[in-house]
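Peer 1: starting from these lines, generate the structure:
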Amino acid sequence: MPKVSILLPSLNVVRYIRPCLDSVLHQTLTDLEILCIDAHSTDGTLDILREYAQKDPRIRLILSDQKSYGHQMNLGLKAAQGEYIGIVETDDYVPANMFGDLYAIAVQEQADMVKADFYRFREVETRIERIYNRLDPTDSYYNRIVDPAREPRVFRLIMNTWSGIYSRAFLLQNGIVHNESPGASYQDNGFWFQTFCCARRAYFVDRPYYMNRRDNAESSVANPGKVFCMSEEWAFIYDWLKRDAKRFGTFKGVYTLRKYHSLLFTYQRIAPAFREEFIRHFGSEMRRHLEAGEYDRTMFTGYEWRRLRMIAYSPDVYHGICTARCSHACVYRLITGLSARGKTCACAFLRRADRLANRLEMFLSWVRYAGLLRALHRVKWKNTRASIDRGENK
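Peer 2: Numbering: from 1, shown residues only. Below you'll find the predicted structure:
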């Protein structure tokens, strides 16, 4: 049995597949199984995968008959034989020590899953511009065993599936799989949520490994057309939760929190033409959860709770506020009135003042929610940037 099975789902990533594969093949942990699950790429990716598979016996090529990230990942999970499972997106890459370090921790701690900090990066000429992303900017959950059912605020950690490894036995025992919706549209959300709900021994490492690309125009996070895909993914998660009454009772509060965060992210990134329709859909979803009592008020900061209720009960007002680039309803109404009179300088001043007030409100809200020290940690670790030579981190 290999120590780690690494799943690499691919579809038309010829620009990135070689450096990705090289980074996985050159791991200091050599007892690996590398499963390349390709959805019949047509740009040369499949030829490169076959070339690499002929050179290294650790590579197994699996062809998917569906262009669905979730289906590809489920094929990989079924075929995997390793003690632990890792995931590498095929436009990303990983440093040589990642899987060796995480596997050693997983064995020592007998962990269901081990997750680590990571970088988001863009390639600019001969340099890599990267941002250090801490899973937990409040510094509350690192380097110890965490049971998410007992410490539900851990659900606030950054959502990703690829910055860690998972016990294969843990995944099988709990029937954890991906949603098999078409394309590559946030199916990792459901996998992430299931692992957090089912894990009793989660471990988080305060060191960055994984390099997550942010300059691929074909990525799902860069596709403005996938307007309602996030809602469909959270419907899948809701159906999974509802299958077990005890589980639903335990996690319905964090479900609504994370769904709120995910739909808000979607609203902010989709094309402006779709936002008005989406915010009404978003509002109706949130209103349904609030009226059914499917929330935990203590999981929300004061700032988040105010925004959630505005979206749920006054989505058009919230959309108008965002369009006016301010954060408070009273300022929005004032800006609207001044704009009608042509007072552009006054509107610009109000927007700047409102932004400052909004940042202060967010910070004070976190102070009340988590305490001054953790609020300051969040400020310290927000967008820590660096620029390095392109070959330095490979």
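Peer 1: mind checking the longest helix of the chain?
Peer 2: Using DSSP state H, we find that the single longest helix of the chain is helix 344-370.
Peer 1: buried stuff in that one?
Peer 2: 347, 350, 354, 361-362, 365-367, 369-370 (16 or more other C-beta atoms under 10 Å). Just so you know, the C-beta spots here come from the backbone N, C-alpha and C atoms, and that holds for glycine as well.
Peer 1: wait, isn't L11 in contact with A184?
Peer 2: Yes - here L11 reaches A184: they are 7.4 Å apart, a contact under C-beta atoms under 8 Å.
Peer 1: now what about stretch 209-217, what contacts it?
Peer 2: Contact partners of stretch 209-217, identified using C-beta atoms under 8 Å, 6 or more residues apart in numbering, comprise 13, 16, 88-89, 91-95, 97-98, 101-102, 116-123, 130, 133, 160, 162-163, 219, 221-222, 393.
Peer 1: so for that stretch, mean pLDDT?
Peer 2: Mean pLDDT, stretch 209-217: 83.
Peer 1: same question for stretch 355-367.
Peer 2: 93.
Peer 1: got the contact list for that stretch?
Peer 2: Contacts of stretch 355-367 (C-beta under 8 Å, 6+ apart): 301-304, 326-328, 374-375, 378-379.
Peer 1: likewise stretch 322-337?
Peer 2: 267, 275, 310, 314, 317, 320-321, 347, 350-351, 354-355, 357-358, 361.
Peer 1: quick one: low-confidence parts of the stretch 151-300 of the chain?
Peer 2: Scanning the stretch 151-300 of the chain for pLDDT under 70 picks out the ranges 216-225.
Peer 1: same thing but at 90, please
Peer 2: Regions of the stretch 151-300 of the chain meeting the criterion pLDDT under 90 cover residues 181-186, 214-229, 269-271.
Peer 1: where do the strands sit along it?
Peer 2: Secondary structure of the stretch 151-300 of the chain (DSSP state E, counting those that start in this stretch): strands at 164-167, 202-213.
Peer 1: try the stretch 1-150 of the chain
Peer 2: Under DSSP E, counting those that start in this stretch, the stretch 1-150 of the chain gives strands at 4-10, 32-38, 59-63, 84-87, 113-124, 127-133, 145-146.
Peer 1: adjacent strands (with direction) for the longest one?
Peer 2: I take that to be strand 113-124. Strand 113-124 has the following sheet partners, assigned by DSSP bridges: strand 127-133 (antiparallel), strand 164-167 (antiparallel), strand 202-213 (parallel).
Peer 1: equivalent analysis for the last one, please.
Peer 2: Taking DSSP bridges as the criterion, strand 145-146 sits next to strand 202-213 (antiparallel) in its sheet.
Peer 1: which parts of the partner strand are buried?
Peer 2: 202-205, 208-213.
Peer 1: isn't Q27 right up against L102?
Peer 2: No - when contacts are counted by C-beta under 8 Å, Q27 is not listed as touching L102 (10.6 Å).
Peer 1: looking at the two, which is more packed in?
Peer 2: When neighbours are counted by other C-beta atoms under 10 Å, L102 comes out ahead of the other of Q27 and L102, with 27 against 21.
Peer 1: pretty sure the more buried one sits against V114.
Peer 2: Yes - between L102 and V114 there is a contact under C-beta under 8 Å: 4.9 Å.
Peer 1: so what sits against both of those two?
Peer 2: Once C-beta under 8 Å, 6+ apart is applied, the residues that L102 and V114 both contact turn out to be 164-165, 205.
Peer 1: list just the nearest of those to K259.
Peer 2: Checking those against K259 by C-beta to C-beta gives G164 as the nearest, at 22.3 Å.
Peer 1: how about the closest one, nearest residue that isn't a chain neighbour?
Peer 2: Counting by C-beta to C-beta, 6 or more residues apart in numbering, G164 lies nearest to K115, which is 3.5 Å off, once chain neighbours are set aside.
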